[in-house]
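[1] Sequence first, predicted model second:
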Amino acid sequence: MKRFLAVSLILLLTCPLWAELKIPEAVSVKPGRMVRIPATGAEKTVRWINTSEDADLIPSETGKYAIFSAMVPGRYKVAAYTTEANEATEPVYCVVTVEGTPPTPPTPPVPPGPNPPGPGPGPTPQPPGPVPIPDPGLRVLIVYETADLSKLPKEQLAILTSQAVRAYLSSHCAKGPDSKTPEWRIFDQNVSMGNESALWQGAMKRPRTALPWIVISNGTIGYEGPLPANVDETLALLKKFGG
Amino acid sequence: MPAGIGPREIIIDDFNFAQHVAPVVDGEHKARGLIPRNYVTAPVGYLACAKPFDLPLIPENQWADRLAQQIATKSQLSDVRNVSGPGGGPIPSRDQNGRGYCWFHSGTSANLIVRAVNGQPYVDLSAYSGACIIKNYRDEGGWGSEGVEWQAENGCASSAFWPQQSTSRSNDTPAMRENAKLHRIEEWMDLEPNNKAQLVTCLLSGIPVVVDYNWWSHSVCAIDLVSISPFRIRIWNSWGDSWSENGTGILEGNKAIPDGQIAPRVITAGCT
């Protein structure tokens, strides 16, 4: 009996009176998708803290897990804590990595006037980042808003229907499932995508911070950013990825 | 020939329009079929699928520069049409083949152009798949937005499901209806009648326009601004590729100003 009491006393002195709150140190997720972050070791309700306005964090009722989601690629930090002995515990943190290339800041649109300005500066060059469309072969998506077409600078507007751009895309892009249609698309941002392939649906769902916008991918590296200012700059950009 | 106009391209103006209203091409007396839209009973914006045109107008003092840019970069809709058909050639013109179904063919041509701009696969759309059903297989006229309304809801079938110019009721099958829905332009913009600035804004923005002409009793698809003075536009007719030059012609001056016009805005993507 004495031995039992001694062992119990040792255990009580060496073990914490409560289990330690733990959440994963790091998780990763794709843009716009949800990830479940579990919290273990807490007996009381777990509280969660979302440190970013650009992300969503939805705790469960008891806080035993939270659902995280964000549209924009990058690193986000969430925290969790609980209470013990009527006092808040130290927060524990989880770094959530939203995969993909962070978008470049948009070039401000130039409103048309009596003498519209010439083409503005091109997009900030980006180092090749994670590939936007992982399938092998060159694929290009340009997204625009119909309501803005008449306001676009004429040099930029020309890109959307330019014979030179289309000829390059048609000759360099991979072929689609029908083995004939080149894999490039130029869509209004509101186009119904329900009947398109998962590949193009995914490409259209990728975050954008400006319109018109271009997504380029060769299956190894890619680029996402505002559409360049004119046909020549667009062709130069395409050739970096398509040769 | 004036700059930007094909060597065989017909130019229709106030002085010669009478000879071009219903010509004989390849031995066939060409049909039209426009019933003028009544803007009292069908005012601008009467269709749920076509809100009143709301794009900012391109100022007239910018028209010349923007047209020059289109021409210099070969970025007009005719340039798109010319390389977006089978094998990288021109998209074949629709052919209403003697039936008064111009009012559905014009919207079908617009559908083909938008698909081409998008980079979507070429599909041989069959205008009869909508026109026949709307008119219960009668050879009967209509106006452009009447065909547009059907297309917005039901789409347009490919010739694989409704052969071109077929009037057989047996074509109307559930499979045809499902195929037609794959080729819908869900949203349109209803332009004001006789509004030249709205028409030019669309053409300089790369947007085709379904245009109705009462003087012609005909509905066609406008695709290019060709010149400002004289005012000329290029239209894509539904009289086959043998008419004029490869199915397109030029309307000049007053003959270019539509009595009814409606333009596509949002399409369904990804369909063969």
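    Cool, got the structure.
[2] State the number of residues packed around residue 176.
    Picked chain A for this. 22 (other CB atoms under 10 Å in any protein chain shown). Yep, even glycine has a C-beta here, placed from its N, CA and C like the rest.
[3] sorry, should have said chain B
    Neighbour count of B:Met176, defined by other CB under 10 Å: 19.
[4] Would you map the strands across chain A?
    All strands of chain A, identified by DSSP state E, fall at A:26-29, A:34-38, A:47-50, A:55-59, A:65-70, A:74-81, A:83-84, A:87-88, A:92-98, A:139-144, A:184-188, A:213-217, A:222-226.
[5] Out of those, flag the one nearest chain B.
    Of all the strands of chain A, strand A:184-188 sits nearest to chain B, with 4.8 Å by CB to the nearest CB.
[6] who does the closest one pair up with?
    strand A:139-144 (parallel) (DSSP bridges).
[7] Closest residue of chain A to chain B?
    A:Glu196 (2.9 Å).
[8] who's in contact with that residue?
    When contacts are counted by CB atoms under 8 Å, 6 or more residues apart in numbering or on different chains, A:Glu196 touches A:204, B:269-270.
[9] How many neighbouring residues does B:Ile5 have?
    There are 18 residues near B:Ile5, going by other CB under 10 Å.
[10] what's the answer for B:Pro7, then?
    Neighbour count of B:Pro7, defined by other CB under 10 Å: 6.
[11] Repeat that for the one 5 residues further on.
    Applying the criterion other CB under 10 Å, we find 24 residues in the vicinity of B:Ile12.
[12] List the single closest residue to it in space, sequence neighbours excluded.
    B:His20 (4.9 Å; CB to CB, 6 or more residues apart in numbering or on different chains).
[13] got it, and B:Gly107?
    B:Gly107 sits nearest to B:Gly147 (CB to CB, 6+ apart), 4.4 Å away.
[14] That neighbour and B:Ser109 touch, don't they?
    No. Under the criterion of CB atoms under 8 Å, B:Gly147 is not in contact with B:Ser109, lying 10.6 Å apart.
[15] Give me the helix or strand of chain B that scores worst on average pLDDT.
    strand B:28-29 (a mean of 78; mean pLDDT, DSSP states H and E).
[16] which residues are contacting that strand?
    B:22-23, B:97-98.
[17] circling back to that earlier point, so what's the residue nearest to B:Ile12 up against?
    The contact partners of B:His20, by CB under 8 Å, 6+ apart, come to B:10, B:12, B:249.
[18] What segments of chain A are helices?
    A:2-14, A:154-161, A:163-172, A:198-205, A:231-242 (DSSP state H).
[19] Quickly, which of these bottoms out on average pLDDT?
    Among those, helix A:2-14 carries the lowest mean pLDDT, a mean of 59.
[20] I'd like to know which of the helices of chain A lies nearest to B:Trp143.
    Among the helices of chain A, helix A:154-161 comes nearest to B:Trp143, with 27.9 Å by CB to CB.
[21] how deep is A:Ala88 tucked in, by neighbour count?
    Counted with other CB under 10 Å, A:Ala88 comes out at 10.
[22] Check B:Asp54 too.
    When neighbours are counted by other CB under 10 Å, B:Asp54 comes out with 10.
[23] these two touch, right, it and B:Met189?
    Yes. If you go by CB under 8 Å, B:Asp54 and B:Met189 touch, sitting 7.1 Å apart.
[24] before we move on, the earlier item: could you report the distance from the residue nearest to B:Ile12 to B:Asp241?
    Applying CB to CB, to the nearest Å, the value for B:His20 to B:Asp241 is 17 Å.
[25] What strand or helix carries whichever residue of the stretch 151-272 of chain B sits closest to chain A?
    Across the stretch 151-272 of chain B, no residue is closer to chain A than B:Gly270, which sits at 2.9 Å (CB to the nearest CB). Under DSSP states H and E, no helix or strand contains B:Gly270.
[26] List the contacts of it.
    A:193, A:195-197, A:200, B:120.
[27] For these, which single residue is the most surrounded?
    Busiest of these [other CB under 10 Å] is B:Gln120, holding 25 neighbours.
[28] which residues does that one contact?
    Residues near B:Gln120 by CB under 8 Å, 6+ apart: A:181, A:185, B:269-271.
[29] Confirm that it sits in a helix.
    No. Counting by DSSP: H, G, I helix; E, B strand; the rest coil, B:Gln120 is not part of a helix but coil.
[30] Centroid-nearest residue for chain B?
    B:Cys221 (2.2 Å; CA atoms, centre = their mean).
[31] Next, the contact list for that residue, please.
    Here B:Cys221 is in contact with B:106-107, B:109-110, B:113, B:208-211, B:235-236 (CB under 8 Å, 6+ apart).
[32] Same check on A:Ser150?
    Per CB under 8 Å, 6+ apart, neighbours of A:Ser150: A:112, B:55-58, B:201, B:204-205.
[33] Which of the three states applies to B:Phe104?
    helix.
[34] mean confidence for the strand or helix carrying B:Ala116?
    Per DSSP H and E: B:Ala116 is located in helix B:102-118. Here helix B:102-118 scores 97 as its mean pLDDT.
[35] Pull the number of nearby residues for residue 70.
    I went with chain A, as the question did not name one. Neighbour tally, A:Ala70, other CB under 10 Å: 23.
[36] Chain B was what I was after
    Residues near B:Gln70, counting by other CB under 10 Å: 25.
[37] Against B:Thr108, how distant is the residue nearest to it when sequence neighbours are not counted?
    Spatially, and ignoring its direct neighbours in sequence, B:Gln70 is nearest to B:Gln76 (4.9 Å; CB to CB, 6+ apart). Separation of B:Gln76 from B:Thr108 (CB to CB): 20 Å.
[38] ok so, going back, what distance do you get for the residue nearest to B:Ile12 to B:Lys255?
    The gap separating B:His20 from B:Lys255 is 9 Å, by CB to CB.
[39] Quick check: chain neighbours aside, which residue is closest to B:Glu192?
    Per CB to CB, 6+ apart, closest to B:Glu192 is B:Val44, 5.7 Å.
[40] Endpoints of stretch B:34-43, how far apart?
    Using CA to CA, to the nearest Å, the end-to-end distance of stretch B:34-43 comes to 17 Å.
[41] Pull out the buried positions in it.
    Buried residues in stretch B:34-43, counted by 16 or more other CB atoms under 10 Å in any protein chain shown: B:34-35, B:37, B:42.
[42] Tabulate the helices of chain A (a markdown table), appending distance to chain B.
    A markdown table is the format used below for the helices of chain A (distance: least, CB to the nearest CB, whole Å):
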| stretch | distance to chain B |
| --- | --- |
| helix A:2-14 | 64 |
| helix A:154-161 | 4 |
| helix A:163-172 | 4 |
| helix A:198-205 | 6 |
| helix A:231-242 | 5 |
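[43] Pick the most deeply packed of those.
    Comparing those by mean neighbour count (mean count of other CB atoms under 10 Å in any protein chain shown), helix A:154-161 comes out on top with a mean of 24.
[44] quick one, that one and strand A:213-217 angle?
    Interaxial angle of helix A:154-161 relative to strand A:213-217 (axes from the mean of the first three to the mean of the last three CA atoms, to 10 degrees): 50 degrees.
[45] Any stretches of the chain with poor pLDDT?
    You didn't pick a chain, so chain A it is. Within chain A, the segments meeting pLDDT under 70 span A:1-2, A:4-19, A:101-130.
[46] you looked at the wrong chain, it should be chain B
    Counting by pLDDT under 70, the ranges of chain B that qualify are B:271-272.
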